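Chemist: Fold the following for me, if possible:
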Amino acid sequence: MSLNLWQYLLLIEIASSLFLFRYFSLAGKKAVLAFIPVYKTVILMELTGRRKWQALLFFIPIVNHVMWIISAYELLHVFQRRSWTDILLSIFTLGLWLGIIPLLSNAKMELKHSAPDRAAMKKQLGEFIPSALFAIVAATVIRTFTFEAYTIPTSSMEESLMVGDFLFVSKSHYGCRLPMTPVTIPLLHADIPLVGGKSYRSEVQFPYLRLPRFQSIQRGQAFVFNTPQDVGVPIDKRRNYVKRCVGVPGDSLEVIGAQVYINGVRTGFPERANPQFNYYVRTNGNGFNRRQLKERFDINFLSAEQMRSHQDQGDVITGSATEYIMTISDKAIDEFRTLGNIEEIIPIDLPNKKGLPIDKKLPGLLKKYYEMNLRTEKALFPNTDDPHQEALFSYSQDNYGPLYLPKEGDEMELSERNFNTYAETINLFDGQQIEKRQDGFYVNGERSDTYRWNQGYYWAMGDNRYNSQDSRFFGFVPEDHIVGKPVFIWMSWDKYAEGAKKIRTERVFTAVNGEGKRTSYFWPFVIVVFGYSFWSRRRKAKQKAA
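Modeler: Residues are numbered from 1 along each chain as shown. Predicted coordinates:
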């Protein structure tokens with residue numbers, strides 16, 4: 001059974017009213033007040049000794065379930081039902097035990113109302129349980145409306161955002177998206193750690209709603225979104241990706257020779273970005289010092305054992321004793337060219353099928369690399385196995401498009417090419433159904449020559465262009481998939497470094513965006529913490545001496 005927003009709210013209102021009316025009556029309140037939305041929650045706060053403003057927490061998705069568990073325990077407590085059996089049943093039934101008790105007992109004889117006794121509650125539950133519940137409520141509110149912590153798990157944004165960067169992502173910059181899957185375990189995204197399984201139930205789904213934004217997504221900014229690849233999973237429970245926005249709704253995008261062009265103009269990267277590209281490298285036979293590559297150029301030349309477990313984080317493919325495919329950042333390539341063993345460096349530029357056949361004069365490893373990648377280009381968006389459609393979209397990762405990014409309200413002519421390009425996006429994300437029949441195109445079962453878009457779509461690409469699962473593969477990023485803006489790196493851990501160098505202190509406590517050289521506030525923070533700790537101990541020592 002599936003419930004929409006209004007069905008879910010109606011079910012909650014009816015159930016809570018049926019559970020509460022007997023308790024209201026026994027507490028000297030009019031039973032009919034239990035059937036007045038919102039106001040009954042205010043009365044519940046009064047009966048349990050809580051401040052009235054806390055009734056607002058019952059109307060925040062996800063938080064409301066925790067508040068019902070808390071209030072169920074507190075209400076039973078003031079009605080003298082204080083056994084651990086009642087407590088555990090209230091928790092594991094999500095408060096439903098509250099409504100069952102009057103059915104199992106003589107309410108007038110066994111349920112006796114008393115004033116809230118916070119001291120008795122604290123004595124029974126101890127310090128930990130109330131503190132933990134408060135922390136869950138507070139953290140869920142913060143996580144929903146302000147900031148959320150994320151970790152960079154893959155190298156798709158290196159060297160701009162690194163594997164092991166721990167980020168704070170602002171939910172408010174682009175407008176906070178309200179939870180769409182309300183029945184979920186607080187503070188968990190999609191899976192339950194250790195034991196496995198889903199952390200949510202998808203039977204109840206809320207419509208897409210977003211609070212007013214402070215700013216629009218700008219080209220060149222990094223942003224976090226739910227990947228559109230996870231079809232069949234609720235939008236807000238899909239995997240979180242962080243990429244760079246290279247195109248916004250209304251843009252025409254094309255990639256030529258690994259360079260992105262927007263509306264015919266070549267685009268660059270923000271000042272703090274440090275994109276990576278692949279290069280064919282030929283040496284004089286002298287090998288590379290792995291430690292030198294890491295320390296001078298941050299190139300991960302992984303061992304065979306490391307490659308087996310972290311293949312996506314390796315920066316070197318060895319073809320022979322003299323030939324390599326290497327991933328090198330823009331800021332390191334000029335210095336890299338000065339190494340004494342370098343004979344030749346060729347930037348990778350994957351040809352599309354129009355560039356076939358591949359030049360036989362290319363070095364052997366480079367030719368094999370191009371051939372291998374051309375065999376996988378069918379995975380590029382728009383995905384197709386139809387040879388006719390394949391001829392329409394002879395794209396490669398480095399030579400892609402042109403492609404228009406739909407804007408909300410745009411009216412698009414339905415042509416063969418547009419249908420092949422946009423039909424999947426319309427059917428999966430735009431809330432309409434489009435199909436092609438012998439006599440033309442049909443939208444929601446009606447013949448039409450045009451289509452009007454219901455939301456805007458963005459284009460996302462990783463700064464590590466050859467090791468990034470991005471829009472070139474999964475297509476447009478719908479507006480309702482936008483999560484937030486990365487703003488702050490609070491920790492950065494390099495598992496391939498040695499000793500104290502594992503902590504990238506130059507990245508800790510730095511802003512993701514901005515101009516000029518990245519400034520770390522890590523050491524000032526350490527000095528302040530130790531200074532305060534020293535001052536605090538001295539003050540306590542003086543107080544004891546006095």
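
Chemist: quick one: the host helix or strand of residue 14 to chain centroid distance?
Modeler: Here residue 14 sits within helix 5-26, counting by DSSP states H and E. For helix 5-26, the separation from the chain centroid amounts to 34 Å (computed by CA atoms, centre = their mean, to the nearest Å).

Chemist: just stretch 138-154 next, same as before
Modeler: Distance of stretch 138-154 from its chain centroid, counting by CA atoms, centre = their mean, is 9 Å.

Chemist: Kindly report the same for stretch 512-521.
Modeler: Its chain's C-alpha centre and that of stretch 512-521 lie 23 Å apart, by CA atoms, centre = their mean.

Chemist: if we look at that stretch, which residues are touching it?
Modeler: By CB atoms under 8 Å, 6 or more residues apart in numbering, the list of residues contacting stretch 512-521 from outside reads 161, 167, 221-222, 270-272, 485-489, 505-511. C-beta coordinates here come from the backbone N, C-alpha and C atoms, glycine included.

Chemist: Mind checking which of these are in strands?
Modeler: Judged by DSSP state E, the subset of these located in strands is 167, 222, 485-489, 510-511.

Chemist: Filter the residues you listed down to the buried ones.
Modeler: Neighbour-count burial (16 or more other CB atoms under 10 Å) applied to those gives 167, 222, 485-489, 510.

Chemist: Same list, those residues, but as JSON lines with distance to residue 96 please.
Modeler: Below are these laid out as JSON lines (distance: CB to CB, whole Å):
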{"residue": "167", "distance to residue 96": "39"}
{"residue": "222", "distance to residue 96": "44"}
{"residue": "485", "distance to residue 96": "40"}
{"residue": "486", "distance to residue 96": "40"}
{"residue": "487", "distance to residue 96": "41"}
{"residue": "488", "distance to residue 96": "41"}
{"residue": "489", "distance to residue 96": "44"}
{"residue": "510", "distance to residue 96": "48"}
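
Chemist: Check those and tell me the two furthest apart.
Modeler: 485 and 510 (15.2 Å; CB to CB).

Chemist: how about low-confidence regions in the protein?
Modeler: For the chain, residues meeting the criterion pLDDT under 70 lie at 1, 105-110, 307-313, 353-357, 376-378, 383-392, 546.

Chemist: Quick one: residues in contact with the lengthiest helix in the chain.
Modeler: Longest helix of the chain, by residue count under DSSP state H: helix 522-545. By CB under 8 Å, 6+ apart, the surrounding residues in contact with helix 522-545 are 505, 508-509.

Chemist: Only the C-alpha atoms, please, for that helix, written as PDB.
Modeler: Taking Å, rounded to 0.1, in the frame of the first residue of the first chain, the C-alpha atoms of helix 522-545 are listed here in PDB:
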ATOM      1  CA  PHE A 522      43.700  24.400  11.200                       C
ATOM      2  CA  TRP A 523      46.700  25.600  13.200                       C
ATOM      3  CA  PRO A 524      45.000  28.700  14.500                       C
ATOM      4  CA  PHE A 525      42.100  26.500  15.700                       C
ATOM      5  CA  VAL A 526      44.600  24.100  17.400                       C
ATOM      6  CA  ILE A 527      46.300  27.100  19.100                       C
ATOM      7  CA  VAL A 528      42.900  28.400  20.300                       C
ATOM      8  CA  VAL A 529      41.800  25.000  21.700                       C
ATOM      9  CA  PHE A 530      45.100  24.400  23.500                       C
ATOM     10  CA  GLY A 531      45.200  28.000  24.800                       C
ATOM     11  CA  TYR A 532      41.600  27.700  26.100                       C
ATOM     12  CA  SER A 533      42.400  24.400  27.700                       C
ATOM     13  CA  PHE A 534      45.500  25.800  29.400                       C
ATOM     14  CA  TRP A 535      43.700  28.900  30.600                       C
ATOM     15  CA  SER A 536      40.800  26.800  32.000                       C
ATOM     16  CA  ARG A 537      43.000  24.500  34.000                       C
ATOM     17  CA  ARG A 538      44.900  27.500  35.400                       C
ATOM     18  CA  ARG A 539      41.700  29.100  36.500                       C
ATOM     19  CA  LYS A 540      40.400  26.000  38.200                       C
ATOM     20  CA  ALA A 541      43.800  25.600  39.900                       C
ATOM     21  CA  LYS A 542      43.600  29.100  41.300                       C
ATOM     22  CA  GLN A 543      40.000  28.600  42.500                       C
ATOM     23  CA  LYS A 544      41.100  25.500  44.400                       C
ATOM     24  CA  ALA A 545      44.000  27.300  45.900                       C
END
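
Chemist: Assign residue 65 to helix, strand or coil.
Modeler: helix (DSSP: H, G, I helix; E, B strand; the rest coil).

Chemist: And for it, nearest residue in space, chain neighbours not counted?
Modeler: Spatial nearest neighbour of residue 65, chain neighbours left out: residue 94 (6.2 Å); criterion: CB to CB, 6 or more residues apart in numbering.
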